[in-house]
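A.B. asks: Sequence isn't available, so here's the structure alone:
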């Protein structure tokens, strides 16, 4: 539905194909969750001392850019002038699937090399972690609540904030690629932060195949 009746507030009207607020919230949360997942994988590499997990996090980045292609296309109301973003999203999805597959294979090969004593140590660590799960449950619920609220808030900013600027009405590949590249960089910068206060004894291992 259009918002032409808000013209007195300096807002332009929405076209009929504008996404609804819940749909924008889903799009924003999908991109945000993927960035969070990349960050968790990167931190797991530091905690386990296995740099191959960092390779998986990097391999996830083309899919982050692909998701942002879809969001950017919708930001410009699916303008035919930049419908090449659909092809770009498909290409990035194919590349991302390939890079994640390669990273997963490297992890598989690395796991074969670490069988035996390290597996027993891992089982002991998992038993210790199970004792801390009740406390973590509350943290997970709080995190999910924040994610839902922040996704709707960000979705509202994109949906209604875009009505106050002329950019969505003037689609161009330059602007679209700048948005995709900028937010991909932000997402990756968040993901590759090193965790603070690593447990004693955690050391980087070699990253061979």
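C.D. replies: Perfect, I can see it now. Here the structure is a predicted model, which is why all the values come from computation and not from measurement.
A.B. asks: can you list the weak-confidence ranges in this structure?
C.D. replies: Counting by pLDDT under 70, the ranges of the chain that qualify are 1-12, 112-137, 196-209.
A.B. asks: Name all residues that make contact with residue 90.
C.D. replies: residue 66 (C-beta atoms under 8 Å, 6 or more residues apart in numbering). Bear in mind the C-beta positions are built from the backbone N, C-alpha and C, glycine included.
A.B. asks: how about 10 Å then?
C.D. replies: 66, 69 (C-beta atoms under 10 Å, 6 or more residues apart in numbering).
A.B. asks: Next, work out how far apart it and residue 66 are.
C.D. replies: As judged by C-beta to C-beta, to the nearest Å, residue 90 and residue 66 stand 8 Å apart.
A.B. asks: What is the burial count for residue 78?
C.D. replies: Residue 78 has 17 neighbours, counted by other C-beta atoms under 10 Å.
A.B. asks: can you tell me which residues contact it?
C.D. replies: Counted by C-beta under 10 Å, 6+ apart, residue 78 has contacts 15, 17-19, 70, 85-86, 171.
A.B. asks: Tell me how far it lies from residue 19.
C.D. replies: In terms of C-beta to C-beta, residue 78 sits 9 Å off from residue 19.
A.B. asks: follow-up on the earlier one: and the contacts of residue 78 as a markdown table, adding distance to residue 95, secondary structure and neighbour count?
C.D. replies: Shown next, in a markdown table, are those (distance: C-beta to C-beta, whole Å; DSSP: H, G, I helix; E, B strand; the rest coil; neighbours: other C-beta atoms under 10 Å):
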| residue | distance to residue 95 | secondary structure | neighbour count |
| --- | --- | --- | --- |
| 15 | 32 | coil | 12 |
| 17 | 28 | coil | 9 |
| 18 | 30 | coil | 20 |
| 19 | 26 | coil | 19 |
| 70 | 15 | helix | 19 |
| 85 | 15 | helix | 24 |
| 86 | 15 | helix | 13 |
| 171 | 24 | coil | 21 |
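A.B. asks: and of these, the nearest to residue 191?
C.D. replies: For these, the minimum distance to residue 191 (C-beta to C-beta) is 19.4 Å, reached by residue 70.
A.B. asks: Let me see the ranges of the helices in this structure.
C.D. replies: 21-48, 52-59, 61-75, 84-113, 117-130, 133-161, 173-191 (DSSP state H).
A.B. asks: what about the ones you listed, which gets the closest to residue 167?
C.D. replies: helix 173-191 (6.3 Å).
A.B. asks: buried ones in the closest one?
C.D. replies: Judged by neighbour count (16 or more other C-beta atoms under 10 Å), helix 173-191 contains these buried residues: 175-176, 179-180, 183-184, 187-188, 191.
A.B. asks: what do you get for stretch 44-59?
C.D. replies: In stretch 44-59, counting by 16+ other C-beta under 10 Å, buried: 45-46, 48, 50-59.
A.B. asks: so what's the residue nearest to residue 151 when sequence neighbours are not counted up against?
C.D. replies: Using C-beta to C-beta, 6 or more residues apart in numbering and skipping residues adjacent in sequence, the residue nearest residue 151 is residue 29, 3.7 Å away. By C-beta under 10 Å, 6+ apart, residue 29 lies in contact with 36, 147-148, 150-152, 154-155.
A.B. asks: Out of the residues you listed, the closest to residue 195 would be?
C.D. replies: Looking across those and measuring by C-beta to C-beta, the closest to residue 195 is residue 36, at 13.7 Å.
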